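1. predicted structure and sequence below. I'll ask about it afterward.
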Amino acid sequence: MALIYGSLFQSSSPVHAFQLNGDGGFFPLDVNASATQQNPFWLHYDYKNRDSEKWIEGSELFNEQVKSALCGHAGRWRILRVGDGVLLTLQTLNTNVGQRPEQLVAFRVFINGRIIISSRHRKVNSLDTVITDLQEGVGAESTGDWLVAVADAITDEISDFTDTLHERLIEMEDFILNGEIPERGELALLRKQIIVIRRYMAPQRDMLARMTTEKLLWLDETDRRRLQEISDRLGRCIEDLDGFVSRTAIMSDEITNMMTEMMNRRIYTMSLLAMIFLPTTFLTGLFGVNLGGIPGNEFRFAFSVFCFLLAVLIGTVFWWLRRSRWL
């Protein structure tokens, strides 16, 4: 298809509909218009929207694999070459209100030299930067440039979050060095965030690196070089995350050692207390049998003398433990 017609997108209900003007900005796009436009289109859909899903499934612009992916039915594709275009599945942080960052947001992109069709269900806040740049006239000038801008925005978000994780790790390490134990579940949540983000960013790094080797006419050498730089930057984030995993393992071992030491100290203290009061327990048990012939039974101050002797005995045992360096 040499030209893409605006009428092909009628009743598709996109979340955003832009047409790149080639100078970093965009033209207003009415998907219900019938005008012919030769500049690249970018249409962003919510695949849970019934109109959008119906349009994707019935469009002649895609094959069945692309339709399935854009409708959210096939989420395992990382990168798929389709003619002169590519189908990508990208992951980014979930920065929506009430959500946790490690609950990553996936969005699918079909891109070639003429169209960019992206779909998601949960909002992808990383795209706000790309849209803002287009609105200010300093955005993508081509589809290849758009892909670089999106990859750069996602990687910036991952990089910033990696720095945040690093700061949290340092705070927790200082907390542990001061002999304090973090709140229950705090370290587990931090470790989960690190592992999940590392798990999904590694394939994304490889995907960006692979894009630099694909023979696509709409990717020029500048785009390829920038994609490689972004892939390298994402790789450095992944290396940091690998280091974070090791550090959390060390912190977990240190917390376990601290808790074991505290427990042993308590058991040791209780054992010493039992040793101190063992002779007195024996004597009080012996003199409490209530049988005839107990010494001092008729003596008026027998109880006072007995308590004094018990105190002397406790002091003697305590002195012996201190002298033996048990205390």
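-> Nice, thanks for sending it over. Numbering: from 1, shown residues only.

2. tell me the contacts of Leu70?
-> By Cβ atoms under 8 Å, 6 or more residues apart in numbering, Leu70 lies in contact with 45, 47, 56, 62, 108, 110, 117, 119. The C-beta positions use only the backbone N, C-alpha and C, and glycine is treated the same way.

3. flag the shaky bits of the stretch 101-250 of the chain, pLDDT-wise.
-> Across the stretch 101-250 of the chain, no stretch falls below the confidence threshold (pLDDT under 70).

4. export the contacts of Leu70 to TSV and append columns for secondary structure, neighbour count and distance to Leu321.
-> Formatted as TSV, the entries for the contacts of Leu70 read as follows, by DSSP: H, G, I helix; E, B strand; the rest coil; neighbours: other Cβ atoms under 10 Å; distance: Cβ to Cβ, whole Å:
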residue	secondary structure	neighbour count	distance to Leu321
Tyr45	strand	27	77
Tyr47	coil	19	74
Ile56	helix	24	80
Phe62	coil	19	82
Arg108	strand	23	72
Phe110	strand	24	78
Ile117	strand	25	79
Ser119	strand	25	74
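
5. and which of the residues you listed is nearest Arg236?
-> Arg108 (26.3 Å; Cβ to Cβ).

6. now do the strands in the stretch 51-200 of the chain.
-> In the stretch 51-200 of the chain, strands defined by DSSP state E, counting those that start in this stretch lie at 79-82, 85-92, 105-111, 115-120, listed in chain order.

7. the last one pairs with which strands, parallel or anti?
-> Using DSSP bridges, the strands paired with strand 115-120 are strand 41-46 (parallel), strand 105-111 (antiparallel).

8. looking at those strands, which is closest to Pro14?
-> Taking Cβ to Cβ, strand 41-46 is the member of the strands paired with strand 115-120 nearest to Pro14, at 4.4 Å.

9. what is the end-to-end distance of stretch 94-112?
-> The distance separating the two terminal residues of stretch 94-112, taken as Cα to Cα, to the nearest Å, comes to 27 Å.

10. can you give me how far that stretch is from the chain middle?
-> A distance of 12 Å separates the centroid of the chain from that of stretch 94-112, by Cα atoms, centre = their mean, to the nearest Å.

11. now swap in stretch 41-50 and tell me
-> Per Cα atoms, centre = their mean, the displacement of stretch 41-50 from the mean C-alpha position of its chain is 26 Å.

12. ditto for stretch 201-208
-> 16 Å.

13. cool, stretch 145-162 as well?
-> Stretch 145-162 has its C-alpha centroid displaced from the chain centroid by 16 Å (Cα atoms, centre = their mean).

14. with only the CA atoms kept, save that stretch in CSV.
-> These are the backbone C-alpha positions of stretch 145-162, laid out as CSV (Å, rounded to 0.1, in the frame of the first residue of the first chain):
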residue,chain,number,x,y,z
ASP,A,145,12.9,8.8,15.3
TRP,A,146,9.7,8.1,17.2
LEU,A,147,10.9,4.6,18.1
VAL,A,148,14.2,6.1,19.5
ALA,A,149,12.2,8.7,21.5
VAL,A,150,10.0,6.0,23.1
ALA,A,151,12.9,3.8,23.9
ASP,A,152,14.7,6.7,25.4
ALA,A,153,11.7,7.8,27.5
ILE,A,154,11.3,4.2,28.9
THR,A,155,15.0,3.8,29.6
ASP,A,156,15.1,7.2,31.4
GLU,A,157,12.2,6.1,33.6
ILE,A,158,14.0,2.8,34.4
SER,A,159,17.2,4.6,35.1
ASP,A,160,15.6,7.0,37.5
PHE,A,161,13.8,4.2,39.3
THR,A,162,17.1,2.3,39.5
